[in-house]
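Asks: Quick one, what's the 3D model for this:
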Amino acid sequence: MAKKTRKPNLPQATLERARRELYTAGSEQVTAPPAQSDVKSAQPTAQRSPALKTKLGAPVDLRQEYAYVLTDLQNMAMLAAALGAILIVLSFFL
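Replies: A predicted model of the protein is given here:
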């Protein structure tokens, strides 16, 4: 049985355009993608542009940042409890 290869199901023009955009996205200092003949021998490695790198700042208080999530969960719990109670009451009458 032949070994399966992973080939993208895209036209070559689309792949070449994506490679050009990947290597020229951040700055002009990034090296160009390898030629098509070199792709099989060496896989290109994606290099992050300086614009994509995130700067680590002061730690964020997640409890304060996502306080709305806790209130949403509490509201959903109250709604689920109310609907459950309604279903139990209806089961006695129907």
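
Asks: Give me the buried positions along the helix or strand containing Arg19.
Replies: For Arg19, the host element (DSSP states H and E) is helix 12-24. Neighbour-count burial for helix 12-24, counted by 16 or more other C-beta atoms under 10 Å, picks out Arg19, Tyr23. (Each C-beta comes from the backbone N, C-alpha and C, glycine too.)

Asks: helices or strands up against that helix?
Replies: Contacting helix 12-24 under the criterion 3 or more C-beta pairs under 8 Å, 6 or more residues apart in numbering; DSSP states H and E is no other helix or strand.

Asks: Ala80 sits in which helix or strand?
Replies: Using DSSP H and E, Ala80 sits in helix 67-93.

Asks: Now do Ile86 against Leu94, distance only.
Replies: According to C-beta to C-beta, to the nearest Å, Ile86 and Leu94 sit 12 Å apart.

Asks: So which of those two has more stuff around it?
Replies: Ile86 (10 against 5; other C-beta atoms under 10 Å).

Asks: Check what pLDDT the more buried one gets.
Replies: At Ile86, the model reports a pLDDT of 97.

Asks: And the next helix or strand past the lowest-mean-pLDDT helix or strand in the chain?
Replies: Lowest on mean pLDDT, DSSP states H and E among the helices and strands of the chain sits helix 36-39, with a mean of 52. Per DSSP H and E, helix 36-39 leads on to helix 62-65 as the next helix or strand towards the C-terminus.

Asks: Can I get that following helix in PDB? Just the C-alpha atoms.
Replies: Taking C-alpha atoms only, helix 62-65 is exported to PDB below (Å, rounded to 0.1, in the frame of the first residue of the first chain):
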ATOM      1  CA  LEU A  62      -9.000  37.900  34.700                       C
ATOM      2  CA  ARG A  63     -11.700  38.000  37.400                       C
ATOM      3  CA  GLN A  64     -12.200  41.700  36.700                       C
ATOM      4  CA  GLU A  65     -11.700  41.300  32.900                       C
END
